[in-house]
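Novice: Structure for the following, please:
(2 chains)
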2 protein chains.
Amino acid sequence: MGERRGRRGREGSAVGLEKYWASDPMDVLRVRQDFVLADVDTGSAPGFEGKKREAEKSLAVGAGILAGLQEQLFAGHQMGDDPRRILLVLQAMDTAGKGGIVKHVMSAVDPQGVQLATFKKPTEEELAHDFLWRIRKEVPEPGMIGVFDRSHYEDVLIGRVRELAPPEEIERRYDAINEFEAELAASGTTIIKVMLHISMDEQRSRLLKRLERRDKHWKFNPGDIDERMLAPKYREAYQVVFDRTTTPYAPWYVVPADHKWYARLAVQHLLIDALEGMKLDWPLADYDIEEQKARLATG
Amino acid sequence: MGERRGRRGREGSAVGLEKYWASDPMDVLRVRQDFVLADVDTGSAPGFEGKKREAEKSLAVGAGILAGLQEQLFAGHQMGDDPRRILLVLQAMDTAGKGGIVKHVMSAVDPQGVQLATFKKPTEEELAHDFLWRIRKEVPEPGMIGVFDRSHYEDVLIGRVRELAPPEEIERRYDAINEFEAELAASGTTIIKVMLHISMDEQRSRLLKRLERRDKHWKFNPGDIDERMLAPKYREAYQVVFDRTTTPYAPWYVVPADHKWYARLAVQHLLIDALEGMKLDWPLADYDIEEQKARLATG
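Specialist: Predicted coordinates:
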């Protein structure tokens, strides 16, 4: 293991992945008690000492590491029945870069090992069920990295801001979410919840680009501007989410995302940290190797 | 469109993607009337004039082209309600490289645009239904590239070889498959069916590698050798598949796969050909661009 992805001593050696990191994003981005969203500088790059150029180099190094770890996670279930899995939850305002994370971070990994679920406006059928019904169907299988592009948190974000449910139902949901995530964690799921955070100015400039470029028009929706006008209410709703659903088994990370290069790198690093924390290894053969070699020699 | 992926004249200019191709794999690999599987040289590289090194370069060029085309396919459904989609069916003996195609070809594409379905031994529930029941659930949505790692063809391959169903049921299935695929095609699905074909010697050497390397043990299953012993029967069953299910709307391609670099490149090229055949373009905005710019300027 160590050899194939470079040595990462506990002392945090500066080799490979850690080269430009002064501190671990898992520490510096983690939402803790008394966290205040309004205090986050969306243009900052906590823990990282390089710029775009170094970030790109670092992302390429990380891609190989992530791919290797993912293969072990996958292998562990294929042969060893290891129940463990990862769930990455991505939440953000429009244009903050969820899609870019999927494209630029997850594409490093074998598609067979990724379970991506995109949650849009719920269908009639979904609305007829509890809000977690459609979420439970997309929970990652053992050995997989699951990615939620939006999630059950929409039901306490847009749900709250647009009053899509009575206040007491919204209240109930925070607890339901914590119970649901506790259950996931108990079944072997490492949960990483990420909010990508951009400034209003940065959002304007990204929306404008979608309006200006013919190859980006399809990414724009007039509703994005309606939502943008509600940004202060969304920030309040996010703050409540952090206050109510930050748990030791399902922590939130707020990632400054005005710099796309930082957000991608940080999320990649969170995934790598989570996988390294699992102490993965190749599973042992559950058959007799010499016996199979003999069969193969004659068959 | 032309600019971003290099010019590909109808004369088959040698720029970029076509540099090392003497003929189009969509032509040379296609199963036609009187096709005989036994005549295929598994170690050949039909149409390609380079070796591994050139193939790797070519695969990298193709990756960018494929990614660009896929984005247009996806965009066309997101904004223009374009119903079109791709279904790539991968069939092969163990170790022939289905997984490698997914990993090395499909990973070039935004994971949001790929729907991968892996069909293993059917569950009890699946067996209680018609063989196409589980398949229908995984058919790609509009705008997507669907990939079937094994497929409904297992039900006339292992199904026939191991006599998992009575002969008259197996017979019925060929027609059912043709009807099903005609239906898919009519709903806007471009179907590309690929059999990766390797020699017995190449399979032995790949299985042996899985037995020899600790990081490959999880990929080996003693059942793989049982299946290997039935290879002549499988070849017969494949021949019947080609005879019965090669249709204008769902053609088969037999890809010599002793050289992994060739198989990957050929399948990538088949996908690119199919996407280019769709004459994709960016969808037109379904909102008033200037009006939205004005809203954004004030909001």
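Novice: Give me the residue at the spatial middle of chain A.
Specialist: residue A:88 (3.2 Å; C-alpha atoms, centre = their mean).
Novice: How about the contacts made by that one?
Specialist: A:145-148, A:192, A:194, A:267, A:270-271 (C-beta atoms under 8 Å, 6 or more residues apart in numbering or on different chains). All C-beta atoms are positioned from the backbone trio N, CA, C, and that covers glycine.
Novice: Check residue A:149 too.
Specialist: A:90, A:98-99, A:102, A:116-119, B:112.
Novice: hmm, which of the residues you listed are the buried ones?
Specialist: Among the contacts of residue A:149, the ones that count as buried by 16 or more other C-beta atoms under 10 Å in any protein chain shown are A:90, A:98-99, A:102, A:116-117, A:119, B:112.
Novice: Helices - which of the contacts of residue A:88 land there?
Specialist: Among the contacts of residue A:88, the ones falling in helices (DSSP state H) are A:267, A:270-271.
Novice: Now narrow the residues you listed to whatever sits close to chain B.
Specialist: Checking these against chain B by C-beta under 8 Å from any C-beta of the partner chain, not one of them is in range.
Novice: ok, and the most crowded of those?
Specialist: residue A:267 (29 neighbours; other C-beta atoms under 10 Å in any protein chain shown).
Novice: and the stretch 101-250 of chain A, which residues reach chain B?
Specialist: So the stretch 101-250 of chain A meets chain B at A:102-103, A:106-112, A:114, A:116, A:118, A:149, A:204, A:207-208, A:211, A:214-215, A:217-222, A:225, A:228-229 (C-beta under 8 Å from any C-beta).
Novice: Show the buried residues in these.
Specialist: A:102-103, A:106-112, A:114, A:116, A:149, A:204, A:207-208, A:211, A:217-221, A:225, A:228.
Novice: Can you tell me which of those end up in helices?
Specialist: Per DSSP H, those map to helices at A:102-103, A:204, A:207-208, A:211, A:225, A:228.
Novice: Residue A:191 - nearest residue in space that isn't next to it in sequence?
Specialist: residue A:250 (4.1 Å; C-beta to C-beta, 6 or more residues apart in numbering or on different chains).
Novice: likewise residue A:82?
Specialist: residue A:76 (3.5 Å).
Novice: tell me the contacts of the one you found?
Specialist: Counted by C-beta under 8 Å, 6+ apart, residue A:76 has contacts A:82, A:84, A:143, A:280-281, A:283, B:218.
Novice: among the residues you listed, who's most crowded?
Specialist: residue A:143 (25 neighbours).
Novice: tell me the secondary structure for that one?
Specialist: coil (DSSP: H, G, I helix; E, B strand; the rest coil).
Novice: Can you pull the phi/psi pair for it?
Specialist: Phi and psi for residue A:143, reported as degrees, to the nearest 10, are phi 90, psi -10.
Novice: That one against residue A:82, yeah?
Specialist: Yes: in terms of C-beta atoms under 8 Å, residue A:143 counts as a neighbour of residue A:82; the distance is 6.8 Å.
Novice: which neighbours do these two share?
Specialist: By C-beta under 8 Å, 6+ apart, the residues touching both residue A:143 and residue A:82 are A:73, A:76.
Novice: Quick one: end-to-end distance for stretch A:97-114.
Specialist: In stretch A:97-114, first residue to last residue: 19 Å (C-alpha to C-alpha, to the nearest Å).
Novice: mean confidence score for that stretch?
Specialist: Averaging pLDDT along stretch A:97-114 yields 96.
Novice: roughly how far out does that stretch sit from the chain middle?
Specialist: 10 Å (C-alpha atoms, centre = their mean, to the nearest Å).
Novice: So residue A:272 sits against residue A:64, correct?
Specialist: No: contact between residue A:272 and residue A:64 fails when scored by C-beta under 8 Å: they sit 10.5 Å apart.
Novice: what sits up against stretch A:232-244?
Specialist: With C-beta under 8 Å, 6+ apart as the criterion, stretch A:232-244 contacts A:31, A:35-38, A:91, A:93, A:153, A:156-157, A:160-161, A:174, A:178, A:195, A:227, A:252, A:254.
Novice: Show me which positions of that stretch end up buried.
Specialist: A:234, A:237-238, A:241-242.
Novice: just the ones in helices among the buried ones among the residues of the stretch 101-250 of chain A next to chain B now: which is nearest residue B:258?
Specialist: residue A:103 (33.2 Å; C-beta to C-beta).
Novice: For that closest one, list the residues it contacts.
Specialist: By C-beta under 8 Å, 6+ apart, the contact set of residue A:103 is B:110-112.
Novice: Give me the subset of those that also touch chain A.
Specialist: B:110-112.
Novice: related to what we said a few turns ago, give me the local confidence score for the residue nearest to residue A:82.
Specialist: 97.
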